[in-house]
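In: this one's structure only:
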């Protein structure tokens, strides 16, 4: 589809993370988000042809960081929508044994992301774990159940 006049979008992927990497968002009718989810499948298929499989993927490394290279940034809400509308259904159909980990950023923000994505039934059903980085913030009790979602599989 054509852009609205004055619409901001990536002319190329360099410096494309903010604010509209996927041109028209991650809603259920977005052909760009659908194509991005399909890219995950093609990536996994390429490795499968080499005899390699993946235990799990994350949606985006450091989704809060507006990277100046090929990347998409997400909020907890947009990651939940992309997962529910596109990536979750695509991977469950094509690679049902490959897990999906949410977040994958600094641990001090993990509870907000976990709450949003796991309290959304449309996205929660596709979540196999939470990936996060240990190098920012306090949160010494993140893994003991006092923070975040009890009994949720967590992986660093």
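Out: Cool, the structure landed. If you're wondering where the values come from, they're calculated on a predicted model, not measured in any experiment.
In: got a list of contacts for the longest helix anywhere in the chain?
Out: With residue count as the measure and DSSP state H as the assignment, the chain has helix 31-49 as its longest helix. Applying C-beta atoms under 8 Å, 6 or more residues apart in numbering, the external contacts of helix 31-49 come out as 1, 22-27, 53-54, 57, 72, 82, 85-87, 89-91, 94-95, 98. To be clear about C-beta, it is placed using only N, CA and C from the backbone, and glycine gets the same treatment.
In: contacting residues for residue 123?
Out: Under the criterion of C-beta under 8 Å, 6+ apart, the neighbours of residue 123 are 79-81, 83-84, 88, 117.
In: rerun at 10 Å
Out: Each residue near residue 123 by C-beta atoms under 10 Å, 6 or more residues apart in numbering is listed here: 76-77, 79-85, 87-88, 100, 102, 116-117.
In: and what of residue 131?
Out: For residue 131, the contacting residues are 56-59, 61, 100-105, 110, 154-156, by C-beta under 10 Å, 6+ apart.
In: do that again at 7 Å, thanks
Out: Taking C-beta atoms under 7 Å, 6 or more residues apart in numbering as the definition of contact, the neighbours of residue 131 are 58, 101, 103-104, 155.
In: Most neighbours among the residues you listed, which one is it?
Out: Scoring the contacts of residue 131 on neighbours with other C-beta atoms under 10 Å, the highest-scoring entry is residue 103 at 30 neighbours.
In: hey, which helix or strand in this structure has the poorest pLDDT?
Out: Evaluated with mean pLDDT, DSSP states H and E, the helix-and-strand set of the chain has its lowest mean pLDDT in strand 154-155, which scores a mean of 46.
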